[in-house]
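[1] give me coordinates for this.
(one chain, ligands or ions: 1)
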Amino acid sequence: MARRRQLYEGKAKILFEGPEPGTLVQYFKDDASSDNGTKTGVITGKGVLNNRISEYLMMRLGEIGIPTHFVRRLNMREQLIREVEIIPLEVVVRNVAAGSLSTRLGINEGTRLPRSIIEYYFKNPTLNHPLVSEEHITCFGWAGTADLDDMVALTLRINDFLSGLLLGVGITLVDFKLEFGRLWENDEMRIILADEISPDNCRLWDSKTQEKMDKDRFRRDLGKVEEGYQEVARRLGILPEAGMRDLKGPETMQ
Ligand code: UDP
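    Presented below is the predicted three-dimensional model:
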């Protein structure tokens, strides 16, 4: 059987050519690295869990009308996605101060923000993904003002919906990173959600104890890294226990 053509390999994912034109296969690895790449390692089972968590969240978002690149999950580590032209921005949303916001501005981690903040980072590993403003984005043509309006509108809806969904299972959505892509259909361009939504690119804290259930357990050597990812999947009712067919709905926390 012919091997699929690999198009891209990143830190946590591999992209292969898809079965039909306009599709790709996204493969989730167990490899982990801190965002500046100084720490690398393996989180056993992370790829399987992120594939499942991202599928679940993208499907729920699809149900409220958010366009996403997700088509369907193919197996434990792979999903079929639509090929898009990735906009070279990391769109970060923050509800609670943490990470680089806290260090940059001296705001204590855990401080609830009076309103959600959207930040943009230029997707460029050589430059270490610098923080940029709308002025830089439009000046250098990474996205136009109409594209930015679409991204902001989608991002705010995604944040509200995911914050509520996660709070229902006892998880605070502290912050997260989104990526968007351009999808061309008959000369019409639409901006759709791409990449993944998982504990690799979200800060997820237990709403009662503030315990971290995301990649910060790895970045900050907090231990029980696998357990954090598993707990997110368990609370969403999608932990593959007796195989992937055993899928329950989310459990509601009182
Ligand atoms: N994030 C990400 N990829 C990056 C940088 C950040 O997914 O290259 C996510 C990160 O997981 C967190 C949010 O974006 O949920 C905000 O990250 P922050 O700017 O605080 O940077 P960090 O402290 O992670 O370096």
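[2] helix, strand or coil for the residue nearest to residue 144 when sequence neighbours are not counted?
    On the basis of CB to CB, 6 or more residues apart in numbering, the spatially nearest residue to residue 144 that is not a chain neighbour turns out to be residue 138, at 6.4 Å. (Each C-beta comes from the backbone N, C-alpha and C, glycine too.) In the three-state summary, residue 138 is assigned as helix, counting by DSSP: H, G, I helix; E, B strand; the rest coil.
[3] my read is that residue 138 contacts residue 146, right?
    No - taking CB atoms under 8 Å as the contact criterion, residue 138 and residue 146 are not neighbours in contact, 10.2 Å apart.
[4] roughly how far does whichever residue of the stretch 1-150 of the chain sits closest to the ligand sit from residue 93?
    Residue of the stretch 1-150 of the chain nearest the ligand, by CB to the nearest ligand atom: residue 99 (2.2 Å). Using CB to CB, to the nearest Å, residue 99 is found at 12 Å from residue 93.
[5] where is the longest helix in the protein?
    Among all segments of the chain classified by DSSP state H, the helix with the greatest residue count is helix 145-167.
[6] next secondary structure after that helix?
    Moving toward the C-terminus from helix 145-167, the next helix or strand (DSSP states H and E) is strand 171-185.
[7] export that next one as PDB, just CAs?
    Extracted C-alpha coordinates of strand 171-185, given in PDB (Å, rounded to 0.1, in the frame of the first residue of the first chain):
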ATOM      1  CA  ILE A 171     -13.200  23.600  34.900                       C
ATOM      2  CA  THR A 172     -12.300  27.300  34.600                       C
ATOM      3  CA  LEU A 173     -11.100  28.300  31.200                       C
ATOM      4  CA  VAL A 174      -8.300  30.600  32.200                       C
ATOM      5  CA  ASP A 175      -6.900  31.300  28.700                       C
ATOM      6  CA  PHE A 176      -6.400  29.500  25.400                       C
ATOM      7  CA  LYS A 177      -4.900  29.900  21.900                       C
ATOM      8  CA  LEU A 178      -6.700  29.700  18.600                       C
ATOM      9  CA  GLU A 179      -5.600  29.500  15.000                       C
ATOM     10  CA  PHE A 180      -7.700  30.400  12.000                       C
ATOM     11  CA  GLY A 181      -7.500  29.600   8.300                       C
ATOM     12  CA  ARG A 182      -8.900  30.800   5.000                       C
ATOM     13  CA  LEU A 183     -11.100  28.400   3.200                       C
ATOM     14  CA  TRP A 184     -11.800  29.100  -0.500                       C
ATOM     15  CA  GLU A 185     -15.100  27.900  -1.900                       C
END
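[8] any residue of it touching the ligand?
    Yes - Strand 171-185 comes into contact with the ligand when judged by CB under 6 Å from any ligand atom, the residues involved being 175, 176, 177.
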